[in-house]
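**Student:** Below is the structure, and that's it, no one-letter string:
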């Protein structure tokens, strides 16, 4: 069993890398590492038991069928490997022992009751005699129609793995699943700092979840175009920019990392030359290697893009300094903003309705609305920050906007028509018009854009659009549905009804109601998720309501001095726009204390963050 994008490894007794004088030795040569294919090793916490995958095939020469073996340390030596009791009949690989040694996760394409079983995550647990029981497949909310790889768990039982499922950033992405009292939640993508447009495959997570080692293919930093090992560190809730571990990466593929011996050792599979057809397992001292890379770890620069609806512009803010770096003119009255997943394009819907511009703070009773009909959306390239207008004839009051992964398609609401329009960006051609209901206002989508949700504020409904079948389903809601947000794992859709002051939580697939409860404020409009909490911005009561996103219980209220509008969580902070004051207030997501404020422009509304991983944005912005 092997990721399609990753190719061969070979046998090597010893090699030293050039970046540091690091010795890499073959592990248990002649016993564990032999003249066939061995990979994906895992150890018990006290290092007296191990499991690994072995195949008699040829690496890179078609499909492999693997079997999981185990060995025990007896008198300081590893016993001859034997087939694990639960393996040997089907294609099993990539074993991983939990920290207590009582559960073993692995990948298998064994029959699972489906017509076409794929490589999925399975687990097996020990019984009272410490024998392994019968394997069970993890649920469909974790396993996908794609291929899953490399299950790993942290000390608290959180599950990490790689998958080729739809909706990722590249061919394969890394995901995390939270352990909630022994039950797994839905997978959460680790995001664009770790995942790239190429492919991330197998991984290892430290027990404290602060160190991530993974294999990536196709990156410019790779020694070869195939698999190289990278390392990243958790810093303030964000992963540092992944670094290529040059000491370990060879002219072949380097993959399947395993941190063992309480973090002192790193094991991995490697080849050295692509022409070789064998795979062995290697060992290196990890403590010094980790320290050397941690010393030079860097965080990417985050840029916040803000739609200033009365400034008719998008402001670009360096979040490290909270300084406005650039302002990009757009159409009149932009409210919502959307960022393509590859980070190359920003889309703005020019709504045409906006408060009369005010340079200084105003009171709510001083607010005067302006209306200048617009029939366009603005597309901004982050490669040069040039913009162009997409004119949509006979379309007015376009408020909501969504951009697909590469920016080639956008979806726009047209409130007066009661439709959502799917538009090809390059030509401006209308690809499809989805009939929603009058007042279609805000748009959100699943990570793969297969389902799009629209709030129909004037019709007291929401619409769910299937972009594949083109079918549209409507659901009645309490009065004034406006704010929409998917939970971080994508399983729930939260709906804010500003007329009824209610929050409704729906199953994101079926639209079945999970819960509804008061918003603890008047006129709720926007919400965001952070640290298992949902923060709801309430306009008329000038407050933020904080709810437990799991239990749905109200936790606390944050009083504001003026009207909030948009709210956005990022890297341990929550950003709240205060349009009457032309400000964004910044709160600590844990303490709920206000930590800073800055002005992005007049009447700030929608926000999106883009990480500058390679310095491209900084160069384009002239910083």
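**Tutor:** Great, that's in hand. Values in this document were obtained by computation on a predicted structure and should not be read as measured data.

**Student:** per-residue confidence averaged over stretch 147-164?
**Tutor:** Stretch 147-164 carries an average pLDDT of 97.

**Student:** Buried ones in it, by neighbour count?
**Tutor:** 147-154, 157-164 (16 or more other C-beta atoms under 10 Å). C-betas here are computed from N, CA, C, even on glycine.

**Student:** Mark which of those are part of helices, please.
**Tutor:** The helices, defined by DSSP state H, take in nothing from the buried residues of stretch 147-164.

**Student:** of all those residues, which comes closest to residue 191?
**Tutor:** Nearest to residue 191, judged by C-beta to C-beta, of the buried residues of stretch 147-164 is residue 160 at 13.0 Å.

**Student:** So what sits opposite that closest one in the bridge?
**Tutor:** residue 152, residue 176 (DSSP bridges).

**Student:** check contacts around the nearest residue to residue 206 once chain neighbours are set aside.
**Tutor:** Nearest non-adjacent residue to residue 206, counting by C-beta to C-beta, 6 or more residues apart in numbering: residue 259, 5.8 Å away. Shown in contact with residue 259 (C-beta atoms under 8 Å, 6 or more residues apart in numbering): 204, 206, 211, 213, 265-266, 286.

**Student:** From residue 43, how far out is residue 259?
**Tutor:** 9 Å (C-beta to C-beta, to the nearest Å).

**Student:** in the chain, which residue is closest to the centre?
**Tutor:** residue 189 (2.8 Å; C-alpha atoms, centre = their mean).

**Student:** so that one touches residue 195, yeah?
**Tutor:** Yes: Residue 189 sits in contact with residue 195 when judged by C-beta atoms under 8 Å, with a separation of 6.6 Å.

**Student:** returning to what we had before: let me know the distance separating the residue nearest to the centre of the chain from residue 200.
**Tutor:** Taking C-beta to C-beta, one finds residue 189 at 10 Å from residue 200.

**Student:** and for these two, which residues touch both?
**Tutor:** 173-174.

**Student:** For residue 313, which non-adjacent residue is closest in space?
**Tutor:** residue 327 (4.7 Å).

**Student:** For residue 603, give me its contacts.
**Tutor:** Contact analysis of residue 603 by C-beta under 8 Å, 6+ apart lists 308-311, 354-355, 357-358, 579, 582.

**Student:** Would you check how far apart it and residue 361 are?
**Tutor:** When residue 603 is compared with residue 361 (using C-beta to C-beta), they lie 11 Å apart.

**Student:** Common neighbours of those two, please.
**Tutor:** residue 582.

**Student:** Enumerate the positions of stretch 584-603 that are buried.
**Tutor:** 584-587, 589, 592, 598-603.

**Student:** wait, I meant stretch 565-585
**Tutor:** Buried, per 16+ other C-beta under 10 Å, within stretch 565-585: 565-570, 573-585.

**Student:** before we move on, what about stretch 453-467?
**Tutor:** For stretch 453-467, by 16+ other C-beta under 10 Å, it's 453-457, 459-465, 467.

**Student:** got it, and stretch 85-97?
**Tutor:** Those would be 86-87, 90-97, for stretch 85-97 by 16+ other C-beta under 10 Å.

**Student:** Let's have those in JSON lines, adding distance to residue 417 and pLDDT.
**Tutor:** Shown next, in JSON lines, are the buried residues of stretch 85-97 (distance: C-beta to C-beta, whole Å; pLDDT from 0 to 100):
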{"residue": "86", "distance to residue 417": "58", "pLDDT": "97"}
{"residue": "87", "distance to residue 417": "59", "pLDDT": "98"}
{"residue": "90", "distance to residue 417": "54", "pLDDT": "95"}
{"residue": "91", "distance to residue 417": "53", "pLDDT": "95"}
{"residue": "92", "distance to residue 417": "55", "pLDDT": "97"}
{"residue": "93", "distance to residue 417": "53", "pLDDT": "96"}
{"residue": "94", "distance to residue 417": "51", "pLDDT": "97"}
{"residue": "95", "distance to residue 417": "56", "pLDDT": "98"}
{"residue": "96", "distance to residue 417": "53", "pLDDT": "98"}
{"residue": "97", "distance to residue 417": "58", "pLDDT": "98"}
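
**Student:** Out of the residues you listed, flag the one nearest to residue 171.
**Tutor:** residue 94 (17.6 Å).

**Student:** quick one: contacts for the closest one?
**Tutor:** With C-beta under 8 Å, 6+ apart, residue 94 has these contacts: 1, 40, 53, 106-107, 149-151, 202, 256.

**Student:** Would you double-check that it falls in a helix?
**Tutor:** No: assigned with DSSP: H, G, I helix; E, B strand; the rest coil, residue 94 falls outside any helix and is strand.

**Student:** Any idea what residue 234 is bridged to?
**Tutor:** residue 239.

**Student:** Can we start the residue count at 9 from this point?
**Tutor:** Taking 9 as the first residue, the last one we looked at is residue 242.

**Student:** correct me, but it touches residue 217?
**Tutor:** Yes: with contact defined as C-beta under 8 Å, residue 242 reaches residue 217; the gap is 6.5 Å.

**Student:** returning to that earlier point: farthest-separated two in the contacts of residue 611?
**Tutor:** Across the contacts of residue 611 (C-beta to C-beta), the longest gap, 13.0 Å, separates 362 and 590.

**Student:** Run a quick check on residue 585 versus residue 574, I expect a contact.
**Tutor:** Yes: counting by C-beta under 8 Å, residue 585 touches residue 574, with 4.5 Å between them.

**Student:** shared neighbours of the two, anything?
**Tutor:** 612-613, 615.

**Student:** For those, which entry has the maximal number of neighbours?
**Tutor:** Per-residue neighbour counts (other C-beta atoms under 10 Å) across the shared contacts of residue 585 and residue 574 peak at residue 612, which has 29 neighbours.

**Student:** Spit out the contact partners of that residue.
**Tutor:** Counting by C-beta under 8 Å, 6+ apart, residue 612 has contacts 314-317, 323, 573-574, 585-587, 590-592.

**Student:** 6 Å instead?
**Tutor:** Residue 612 sits next to 314, 316, 585, 592 when contact means C-beta atoms under 6 Å, 6 or more residues apart in numbering.
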